[in-house]
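[1] below are the sequence and a predicted model; questions follow.
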Amino acid sequence: MSAATPAYDDGNIFAKILRGEIPSDRLIDDEVAIAIMDIMPESKGHCLLIPKTASRNLLDASDETLARVMPVVAKLARAAKAAFSADGVRVAQFNEEAGGQTVFHLHFHIVPVYEGVPLKRHAMGEVPAETLKEHAEAIRAELAKL
Ligand code: AMP
């Protein structure tokens, strides 16, 4: 028997970032979503697309939110790949603790993949803020071309 999806809790860190209570360096900020660098990247250029509409994850998201957000996910994936000449991009999305989710506001991981370079472990090991800033600028420059 499957458990019901718990209610959305707006005390999560991405909700605080969306409300501006925690400052963020945004790659995208449009009517649908924001994008930020992941502070514990699995690869160079790992970023997150966070819809503005509140849902805990895919399991309680509305069809409208999902339909609106996927084109932005694709745009960010193209820009992140181009910014670092990656060989591929992994798009990941985790649902509930058992599914690997650690922040309970829907988000998509955009993870550039480089041939021969293993991905780092999920949500482990921060990189310096200055490095993330440089990576953010490189992705923004590619977004501006799309
Ligand atoms: P998930 O496990 O799918 O919920 O992913 C949450 C992600 O958010 C992890 O990859 C973390 O490294 C990342 N993360 C946690 N806190 C922050 C933050 N303040 N800014 C950016 N990324 C974060």
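    All right, it came through fine.

[2] which residues does the residue nearest to residue 53 when sequence neighbours are not counted contact?
    Nearest residue to residue 53 in three dimensions, chain neighbours excluded: residue 65, at 4.6 Å (C-beta to C-beta, 6 or more residues apart in numbering). Backbone N, C-alpha and C define where each C-beta goes, glycine included. When the contact criterion is C-beta atoms under 8 Å, 6 or more residues apart in numbering, the partners of residue 65 are 51, 53, 55, 106.

[3] I'd assumed residue 38 was in contact with residue 25.
    No. Residue 25 is beyond contact range of residue 38, at 11.9 Å (criterion: C-beta atoms under 8 Å).

[4] that older thread, please report which of the contacts of residue 65 has the highest neighbour count.
    Per-residue neighbour counts (other C-beta atoms under 10 Å) across those peak at residue 106, which has 26 neighbours.

[5] and that residue, what pLDDT?
    On pLDDT, residue 106 comes in at 98.

[6] and what of residue 122?
    So, for residue 122, pLDDT stands at 86.

[7] residue 75 in helix, strand or coil?
    Assigned with DSSP: H, G, I helix; E, B strand; the rest coil, residue 75 falls in the helix class.

[8] count of neighbours near it?
    By other C-beta under 10 Å, 18 other residues sit near residue 75.

[9] next: residue 122.
    Applying other C-beta under 10 Å, we find 15 residues neighbouring residue 122.

[10] I'd say it and residue 101 touch.
    No. Between residue 122 and residue 101 there is no contact under C-beta under 8 Å: 10.1 Å.

[11] the most centrally placed residue in the chain sits in which helix or strand?
    Nearest residue to the geometric centre of the chain (C-alpha atoms, centre = their mean): residue 48, 1.3 Å. Residue 48 belongs to strand 47-51 when assigned by DSSP states H and E.

[12] and that strand, what does it pack against?
    helix 13-19, strand 33-37, helix 63-83, strand 108-113, helix 129-143 (3 or more C-beta pairs under 8 Å, 6 or more residues apart in numbering; DSSP states H and E).
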